[in-house]
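Visitor: Predicted model and sequence follow; I will ask about them next.
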Amino acid sequence: MKQTSEKFLFEEMAVPKAVATLAIPTIISQVVTMIYNLADTFFIGQIGNPAMVAAVSLVSPWFNLLTALGNLFGLGGCCLISRMLGAQNREDVKHVAVFSVWGGAAATLLFSALTYLFHAPLLNFLGASPDTFGYARDYLFWVVVLGGVPTMVSLTLGHLLRSEGHARQASAGMMFGGILNVVLDPMLIFLFHLDVAGAAIATAFSNAASVVFFVIQFHRLKGKTAVSLHPRYFTLRFTGPVFSVGLASALATTLGNASNMVMVRLASGYGDIPVAAYGIVKRIDQLPLNVSMGLCQGFMPLVGYNFASGDYQRMRKVSVFSWKTAIVMSACFVICFAVFAPQILHLFIPEEQTSALGAQFLRIACLAVPLTSANFLISYTLQAMGKGGASAVLTFSRQGLLNIPLLIIMNLTVGLYGMIWTQLAVEVIMLPVSLGMYFHTWNRLT
């Protein structure tokens, strides 16, 4: 029955309904995840201390590198499993799943250990000032050093559930962790007076709770899933196929966070208030991008399955429908941010100077969102097809060759506001390149 339902979803269900079935739960979980990411900034902002908000902003790009590891192992494994299912190869799925979970956990443990050993030079590199250093150190210790492995593993387990179409269970796990974090944040920050450390502890504990939730879900699905988490199935045989796709997503996240680090570092030259304002705007600006990311993670198994089974027309219908949907949703966010920017920023931090500067930043930054979503989805479509090399080229061109150099040039020539305009310039340049890469790939298939 389970295989019949899976076959109908991937092969026969109407494209809008199939995308909605997998994407809506994922989008909801991404929104909830975004809310709990915003929760740290929101509750710390209520203290009214820009140095605390700036500290969280400084550490966030480094913390987000855990998402890169989750994408490298989890999203790479998810896409490979979907293609295996499309090719009717269910025997190797458990090996891919176990490598994704346990290999990713080992890599993250090393990342966390190195972060702990070199935290002082790292925080100085990220732009910590004497006023923010202590807060940033506390936040880094809890969310990366102690919370790194649970964060990465929870992301990977969610990807593995989605690979077989279990989007609701994957979304429920993310939502469970997100809601728990929102509940714990005010308790630890205000009731126990832990401030920044309280927000970090809430995040780390919530991600650990998500891991427990996912393990229970896999136990309940025992006998109904080809995925296994047992270490005895560990093998390095599928390292190449997993990394060939996951590397593009990991590269996107890594370079995106490298760009954020450069931006925060450059902004720190203007004082802690611009850093705090930019950090809040970046969190808010991520909301529509997280919606697009949820759509990506929803449609990728459909694209991968139909690519492997040779149904290219259905694969293309899924892709184009998803792109159109993402652009329309992103445009709605742009209108909302442009109109209500002052109110949104004041909600996050009542301090007047930071709030006013952030509102100006948000109205500029949001203009890039529809184009960013389009470029994202094209890149993820290529990944789902197994074209990790093409996707990696787009990602490196967008974030490495364009974004970081343009940030430095705009800062030198225009100043603080020039850096905020950089993302829009990058997306305008990259959109025709992304479309060209996709159509070149499609024409080779047909």
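Guide: Happy to help now that I have it.
Visitor: Quick one, grab the pLDDT at residue 385.
Guide: The score at residue 385 is 85. That number is its pLDDT.
Visitor: Nearest residue to it in space, please, no chain neighbours.
Guide: The shortest distance from residue 385 to any non-neighbouring residue, by C-beta to C-beta, 6 or more residues apart in numbering, is to residue 307 (4.7 Å). For glycine as for every other residue, the C-beta is placed from the backbone atoms N, C-alpha and C.
Visitor: Residue 236 too?
Guide: Excluding the flanking residues, the one nearest residue 236 by C-beta to C-beta, 6+ apart is residue 99, at 7.0 Å.
Visitor: My guess is the one you found contacts residue 235. True?
Guide: Yes - in terms of C-beta atoms under 8 Å, residue 99 counts as a neighbour of residue 235; the distance is 6.4 Å.
Visitor: Looking at these two, which one has more neighbours?
Guide: Ranked by neighbour count (other C-beta atoms under 10 Å), residue 99 and residue 235 place residue 99 first, with 23 against 14.
Visitor: Which strand or helix spans the residue lying closest to residue 25 once chain neighbours are set aside?
Guide: Excluding the flanking residues, the one nearest residue 25 by C-beta to C-beta, 6+ apart is residue 171, at 3.6 Å. If you go by DSSP states H and E, residue 171 is part of helix 167-186.
Visitor: how about that helix: buried residues?
Guide: If you call a residue buried by 16 or more other C-beta atoms under 10 Å, then helix 167-186 has these buried ones: 167-178, 180-182, 184-186.
Visitor: just stretch 186-200 next, same as before
Guide: Applying 16+ other C-beta under 10 Å to stretch 186-200 flags 186, 188, 189, 194, 195, 196, 197, 198, 199, 200 as buried.
Visitor: Could you list the residues in contact with that stretch?
Guide: 39-40, 43-44, 47, 52, 55-56, 135, 138-143, 147, 185, 201-202 (C-beta atoms under 8 Å, 6 or more residues apart in numbering).
Visitor: Select from the residues you listed every entry located in helices.
Guide: Among those, DSSP state H puts 39-40, 43-44, 52, 55-56, 135, 138-140, 185, 201-202 in helices.
Visitor: Tell me the one of these nearest residue 324?
Guide: For those, the residue nearest residue 324 by C-beta to C-beta is residue 39; the value is 31.5 Å.
Visitor: which stretches of this structure form strands?
Guide: In the chain, no strands are defined using DSSP state E.
Visitor: okay, and for it, where does confidence drop off?
Guide: 1-6, 29, 33, 36-37, 446 (pLDDT under 70).
Visitor: Tell me the spacing between the nearest residue to residue 298 once chain neighbours are set aside and residue 262.
Guide: With C-beta to C-beta, 6+ apart as the criterion, residue 298 has its nearest non-adjacent residue at 2.8 Å, and that residue is residue 23. Using C-beta to C-beta, to the nearest Å, one obtains 32 Å as the distance from residue 23 to residue 262.
Visitor: who has more neighbours, those two?
Guide: Neighbour tally, residue 23 and residue 262, criterion other C-beta under 10 Å: the higher count belongs to residue 23, 26 against 19.
Visitor: Quick check, that one in contact with residue 326.
Guide: No - using C-beta under 8 Å as the test, residue 23 is too far from residue 326 to be in contact (9.8 Å).
Visitor: Mutual contacts of the two, please.
Guide: residue 295.
Visitor: sorry, back to before: which ones among the buried residues of stretch 186-200 are found in helices?
Guide: Judged by DSSP H, helices contain the following of these: 186, 195, 196, 197, 198, 199, 200.
Visitor: and which of those is nearest to residue 321?
Guide: Using C-beta to C-beta, residue 199 comes nearest to residue 321 of these, at 38.3 Å.
Visitor: How much space separates that closest one from residue 354?
Guide: The gap separating residue 199 from residue 354 is 18 Å, by C-beta to C-beta.
Visitor: again with residue 202
Guide: As for residue 202, its distance to residue 354 is 23 Å (criterion: C-beta to C-beta).
Visitor: Equivalent analysis for residue 310, please.
Guide: Distance, residue 310 to residue 354, using C-beta to C-beta: 55 Å.
Visitor: the more surrounded of those two?
Guide: Here residue 310 and residue 354 are compared on neighbour count by other C-beta under 10 Å; more neighbours surround residue 354, at 27 against 12.
Visitor: Surely the more buried one is in contact with residue 48?
Guide: No - at 9.4 Å, residue 354 does not count as touching residue 48 under the criterion of C-beta under 8 Å.
Visitor: what residues are up against the closest residue to residue 176 other than its chain neighbours?
Guide: Using C-beta to C-beta, 6+ apart and skipping residues adjacent in sequence, the residue nearest residue 176 is residue 213, 5.1 Å away. Going by C-beta under 8 Å, 6+ apart, residue 213 touches 172, 173, 176, 177.
Visitor: try residue 22
Guide: Here residue 22 is in contact with 9, 162, 165, 167, 298, 299, 301, 302 (C-beta under 8 Å, 6+ apart).
Visitor: what's around the second one, how many residues?
Guide: In other words, residue 162. Count around residue 162 with other C-beta under 10 Å applied: 28.
Visitor: Could you check how far the closest residue in space to it that isn't next to it in sequence is from residue 220?
Guide: Sequence neighbours aside, residue 170 is the residue nearest to residue 162 in space, at 4.8 Å (criterion: C-beta to C-beta, 6+ apart). Taking C-beta to C-beta as the measure, residue 170 falls 13 Å from residue 220.
Visitor: Kindly export stretch 90-104 (C-alpha atoms) in CSV.
Guide: Provided in CSV are the C-alpha atoms of stretch 90-104 (Å, rounded to 0.1, in the frame of the first residue of the first chain):
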residue,chain,number,x,y,z
ARG,A,90,15.6,0.3,-2.9
GLU,A,91,18.4,-1.9,-1.6
ASP,A,92,21.0,0.8,-1.4
VAL,A,93,18.8,3.4,0.2
LYS,A,94,19.7,2.3,3.8
HIS,A,95,23.4,2.7,3.0
VAL,A,96,23.0,6.2,1.7
ALA,A,97,20.8,7.2,4.7
VAL,A,98,23.3,5.8,7.3
PHE,A,99,26.2,7.5,5.6
SER,A,100,24.3,10.8,5.6
VAL,A,101,23.4,10.7,9.3
TRP,A,102,26.6,9.2,10.8
GLY,A,103,29.1,10.7,8.4
GLY,A,104,27.5,14.1,8.9
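Visitor: Next, the buried residues of it.
Guide: Judged by neighbour count (16+ other C-beta under 10 Å), stretch 90-104 contains these buried residues: 92-104.
Visitor: Which positions within stretch 59-77 qualify as buried?
Guide: 59-77.
Visitor: now do the same end-to-end measure for it.
Guide: Terminal residues of stretch 59-77 are spaced 28 Å apart (C-alpha to C-alpha, to the nearest Å).
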